[in-house]
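*Asks:* requesting a structural model of the entry that follows:
(one chain, ligands or ions: 1)
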Amino acid sequence: MDAQFWDERYATREQLFSGAPNGVLLAEVTGLTPGQALDVGCGEGADAHWLARQGWQVTAVDISRLALERAAAAAPDTAGRVAWTRADLTVVPPPAGAFDLVSAHYFPLPRQPEHTALRGLLEAVAPGGTLLFTGHRLAGLPPAAELGLDPADFYRPDEIAGLLGQDWAVLVDETRPRTAPAPSGTHHTHDTVLRARRLR
Ligand SMILES: C[S@@+](CC[C@H](N)C(=O)[O-])C[C@H]1O[C@@H](n2cnc3c(N)ncnc32)[C@H](O)[C@@H]1O
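*Replies:* Residues are numbered from 1 along each chain as shown. Predicted coordinates for the structure are as follows:
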């Protein structure tokens, strides 16, 4: 799942995702004091635009140039409040301690023995800041061969909760129904959600 994979995936459709911000983002971030936010794997940018409109200064990162072009063009009103950034977050970690919110929705983060890329994302959260990591519930999904990838190769939110340690308070670690219908052609009816606060 490299840049070419994602660019080709985006190129299959004029718009790959709904254009609406994720329900979990709205549920968990509404009410937080805006500051610096990192949108991890921002895709076509709906979450980043929503955050910017709530007063956040957003760094929106994606590996796909095509997704970033679409995202930047989608909502000119947020220009200047979103920095669209192309990077492979499994290789280049974001700046440490720089963000009041690190938000990752359906970001395919490959499991690594030393958790290097994951640790980079966790380190990006400033003390007092929030980590929001949302995935698809795996129960009920078709077998890996049918999906074309094995979900077991990627971190689950509940697994990340178990890796956080004493510097974190886990506020939400649960599975819940999606607020939006499953995207067409998918079996994604439920989200798994981790929300944690970095204490120090
Ligand atoms: C399933 S999409 C989710 C997009 C968006 N967060 C949303 O909820 O609509 C995953 C996104 O992560 C991006 N991505 C995948 N691997 C990446 C990596 N190693 N570094 C940065 N972005 C990556 C893909 O290009 C894609 O836009």
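*Asks:* break down this structure into its strands, ranges please.
*Replies:* Along the chain, counting by DSSP state E, strands occupy 36-40, 57-62, 82-86, 99-105, 125-136, 168-177, 190-198.
*Asks:* separation between the residue of the chain positioned farthest from its centre and Arg53?
*Replies:* The centre of the chain is farthest from one residue, Ala145, which by CA atoms, centre = their mean lies 24.6 Å away. Per CB to CB, to the nearest Å, Ala145 is found 41 Å from Arg53. Where you see a C-beta, it was placed from the backbone N, CA and C, and this is true even at glycine.
*Asks:* now swap in Ala73 and tell me
*Replies:* In this structure, Ala73 and Arg53 are 16 Å apart, going by CB to CB.
*Asks:* looking at these two, which is more packed in?
*Replies:* Higher neighbour count among Ala73 and Arg53: Arg53, with 13 against 10, using other CB atoms under 10 Å.
*Asks:* skipping adjacent residues, who's closest to that one in space?
*Replies:* Distance criterion CB to CB, 6 or more residues apart in numbering; nearest residue to Arg53, sequence neighbours excluded, is Thr78 at 6.5 Å.
*Asks:* who's in contact with that neighbour?
*Replies:* Contact analysis of Thr78 by CB atoms under 8 Å, 6 or more residues apart in numbering lists Ala48, His49, Ala52, Arg53, Val58.
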